[in-house]
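**Q** model this:
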Amino acid sequence: MGPNFLILVRHSLPEMRPSIPASQWHLSPAGRERCIPLARQLEKYSPTVVVTSVEPKAVQTGSIVARALGIPVTSAFGLHEHERGGMGSATREEFESLLAGFYAQPARLIFGRETALIAQARFSMSINIVLERNPSKNIVVISHGTVISLWASGRICSDPFVFWKRLGLPSLVVFSLPEMKFVELVEHVE
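**A** Residues are numbered from 1 along each chain as shown. Modelled structure (predicted):
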């Protein structure tokens, strides 16, 4: 019997609507379409369960993927994105500058309501709960780029900001269980 896997998936492409917080965005039509090739990419790991954050774009990605794979889907608290509500609209360059500072100074509150260390601890605790509740399973966790980068980059000795920039919508990073050995990074699924 081979290893089990933890597959962290950055949600698919949302419909970006500056008038509402990103935590409430839904998938765009192209984002929904990308979930089918994502499910095909995940098949080789024989996933047995999909667990999503509670944000709509992650729930929708997970629902489409789980339906395509014929496996159960559930949501879990703590897998949500870095809490940055009330940020207002920023250009891509402004946002990336804030995020670079966020990753470079993890103990300092750069923007939003969480430092990088707090977001990482929250996400890590939630991953541990998901693993405890799903022993000996191949688990797909559908979450968000910032928190996935915080968690995964430390395990593969990568700069979290550089790692975040590599993650497409959707993308995935795979670890074998129980040793959490890095297996694969798929930067873009289209």
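**Q** what's near enough to touch Val189?
**A** Listed by C-beta atoms under 8 Å, 6 or more residues apart in numbering, the contact set of Val189 reads Arg34, Pro37, Leu38, Gln41, Gly168, Pro170, Ser171, Leu172. (Each C-beta comes from the backbone N, C-alpha and C, glycine too.)
**Q** low-scoring stretches of the protein, by residue?
**A** 1, 86-88 (pLDDT under 70).
**Q** all the helices of it, residue numbers only.
**A** Applying DSSP state H to the chain gives helices spanning 29-43, 56-69, 92-104, 116-133, 145-155, 160-166.
**Q** okay, buried residues for the last one please.
**A** So that's helix 160-166. For helix 160-166, the neighbour count (16 or more other C-beta atoms under 10 Å) marks Pro160, Phe161, Phe163, Trp164, Arg166 as buried.
**Q** now swap in stretch 39-52 and tell me
**A** In stretch 39-52, counting by 16+ other C-beta under 10 Å, buried: Ala39, Gln41, Leu42, Tyr45, Pro47, Thr48, Val49, Val50, Val51, Thr52.
**Q** then that stretch to CSV, C-alphas only?
**A** Extracted in CSV, the C-alpha atoms of stretch 39-52 (Å, rounded to 0.1, in the frame of the first residue of the first chain):
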residue,chain,number,x,y,z
ALA,A,39,-10.4,17.3,-11.2
ARG,A,40,-8.6,15.3,-13.9
GLN,A,41,-5.2,16.5,-12.5
LEU,A,42,-6.3,15.3,-9.0
GLU,A,43,-7.4,11.8,-10.2
LYS,A,44,-3.8,10.4,-10.1
TYR,A,45,-3.8,10.9,-6.3
SER,A,46,-7.1,8.9,-5.9
PRO,A,47,-8.6,11.5,-3.6
THR,A,48,-11.2,10.3,-1.1
VAL,A,49,-12.5,13.6,0.3
VAL,A,50,-12.5,17.3,-0.5
VAL,A,51,-12.4,19.8,2.3
THR,A,52,-12.9,23.5,1.5
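**Q** contacts for it, please.
**A** 5, 7, 9, 58-59, 61-66, 68-69, 71-76, 79, 130, 134, 137-143, 172, 174, 186, 189.
**Q** what do you get for stretch 126-145?
**A** Outside stretch 126-145, the residues touching it (C-beta under 8 Å, 6+ apart) are 4-11, 42, 45-53, 55, 58, 61-62, 65, 76-82, 123, 151, 164, 167, 177.
**Q** and what of stretch 150-165?
**A** Against stretch 150-165 from outside (C-beta under 8 Å, 6+ apart): 8, 96, 99-100, 103-104, 116, 119-120, 123-124, 127, 145-146, 149, 173, 175, 180, 182, 185.
**Q** ChimeraX command for the buried members of the residues you listed?
**A** This is how ChimeraX selects the buried members of the contacts of stretch 150-165, with burial counted by 16+ other C-beta under 10 Å:
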select :8,99,100,103,116,119,120,123,127,145,146,149,173,175,185
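**Q** perfect, that will be all.
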